[in-house]
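Engineer: next input, structure requested:
(one chain, ligands or ions: 1)
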Amino acid sequence: MRLATVIDGTAHAAALRRRAAEIAGRLRRETGTAPGLATVLVGDHPASQVYVRAKGRACAGAEVSAFDIRLPGDISEARLASEIEQLNRDERIDGVLVQLPLPRHIDPHRILGSIDPAKDVDGFHPLNVGRLWNGLPTMIPCTPQGCIRLLRTVHIDLSGRHAVVIGRSNIVGKPLVALLLQADCTVTVVHSKTRNADEICRSADIVIAAAGRPGMVKGDWIKPGATVIDVGINPAPTPEGRGRVVGDVDFLSVSEIAGAITPVPGGVGPMTIACLLLNTLLAACRRRGIADPAI
Ligand code: NAD
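Structural biologist: Here you go, the predicted model:
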């Protein structure tokens, strides 16, 4: 039996982080300034704390100054917006990232819309979302960007391929659709109300799973040789109570059928953080009037 090639997201992300460090070094030499990223964490959501810490560590490795803003979970929406306003005005900061999800009493659309679009390194501001759909220069959301970068390691040309995206969230599924269309894929979206997800997936050259449903995509959903990108990060503690995460793809059965597959962990996750660094450097260059670096 021939098993799928495992796409090593950790290695690809390390290469991107090295590139980010090079660009940061060049910025320092040419402008005497360090790029800066502010992460805003509201409340004490455990997974969010882990993500924010990982982002801070990645900044340190790429010589990007990290500003770790922690705010109480009962902060008012107006106060949070005014904190972001301060970060928008702070010259040391090139990127502002508000860690999602926000507490239920805060409207995420208002908060994401209050970030200066030039500092919106997550690419969630409506202006940047519109630019993405119109194919204009923008900030490409980090996780979808990481997926496309991994896909490109397998397919130099995506044109004409049938890509199925499972999930239609604003942060993963929808931007992925925009990016895949730009790459001339034929795109189908599967979501929670889709009736024949397995059948649709079987016709795909590329399946990207972002549903938050552990092990949902099985081997018999996959066309032989297809490429499978697993975005899911689902907590699945071991019987001994040790922390562990699994993806949306049943790795064992799918790797017997697919041509290439990303693992969880070690696939899309590390790429998301590397792309955040790249977006921060892109924002830093643009704010200093420097041409976008080749990445
Ligand atoms: P979400 O809950 O906002 O959206 C999930 C989407 O999946 C929805 O659009 C829903 O319609 C669809 N869906 C749910 N159940 C389905 C089903 N049975 N069949 C088909 N579609 C279904 O989630 P999200 O924020 O987009 O995240 C999705 C997954 O990706 C989660 O596991 C999340 O932890 C993970 N994630 C990973 C990264 C990363 O860096 N790797 C980043 C963001 C999210």
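Engineer: the strands in the stretch 51-200 of the chain, which residues?
Structural biologist: 65-71, 95-98, 162-166, 186-190 (DSSP state E, counting those that start in this stretch).
Engineer: helices and strands around the longest one, which ones?
Structural biologist: Looking back up the chat, that one is strand 65-71. The helices and strands touching strand 65-71, judged by 3 or more CB pairs under 8 Å, 6 or more residues apart in numbering; DSSP states H and E, are strand 36-42, helix 46-61, helix 77-89. All C-beta atoms are positioned from the backbone trio N, CA, C, and that covers glycine.
Engineer: out of the ones you listed, nearest to the ligand?
Structural biologist: helix 46-61 (7.9 Å; CB to the nearest ligand atom).
Engineer: show me what counts as buried in that closest one.
Structural biologist: By neighbour count with 16 or more other CB atoms under 10 Å, helix 46-61 contains the buried residues 48, 51, 52, 55, 58, 59.
Engineer: can you give me the helices for this protein?
Structural biologist: If DSSP state H is used as the criterion, the helices of the chain fall at 9-31, 46-61, 77-89, 108-113, 126-133, 142-154, 173-182, 197-202, 251-255, 268-287.
Engineer: and the last one, what's its mean pLDDT?
Structural biologist: Same thing as helix 268-287. Taken as a whole, helix 268-287 has an average pLDDT of 97.
Engineer: coming back round to it: using TSV, lay out the helices and strands packed on strand 65-71 together with mean pLDDT and distance to the ligand.
Structural biologist: As requested, the helices and strands packed on strand 65-71 are arranged in TSV below (pLDDT from 0 to 100; distance: least, CB to the nearest ligand atom, whole Å):
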stretch	mean pLDDT	distance to the ligand
strand 36-42	98	15
helix 46-61	92	8
helix 77-89	98	20
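Engineer: distance to residue 288 added to those, as a markdown table?
Structural biologist: Formatted as a markdown table, those follow (distance: least, CB to CB, whole Å):
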| stretch | distance to residue 288 |
| --- | --- |
| strand 36-42 | 12 |
| helix 46-61 | 18 |
| helix 77-89 | 16 |
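Engineer: those: which one's closest to residue 15?
Structural biologist: Checking the helices and strands packed on strand 65-71 against residue 15 by CB to CB gives helix 46-61 as the closest, at 12.8 Å.
Engineer: who in the stretch 101-250 of the chain is up against the ligand?
Structural biologist: Within the stretch 101-250 of the chain, the positions adjacent to the ligand are 143, 166-169, 171-173, 190-192, 194, 197, 210-213, 216, 231-234 by CB under 6 Å from any ligand atom.
Engineer: which of those residues count as buried?
Structural biologist: With neighbours counted using 16+ other CB under 10 Å, these contain these buried positions: 143, 166-168, 171-173, 190, 197, 210-213, 216, 231-234.
Engineer: just say which of the helices of the chain is most tucked in.
Structural biologist: Comparing these by mean neighbour count (mean count of other CB atoms under 10 Å), helix 268-287 ranks first with a mean of 25.
Engineer: so it versus helix 46-61, what angle?
Structural biologist: Orientation note: helix 268-287 sits at an angle of 50 degrees relative to helix 46-61 (axes from the mean of the first three to the mean of the last three CA atoms, to 10 degrees).
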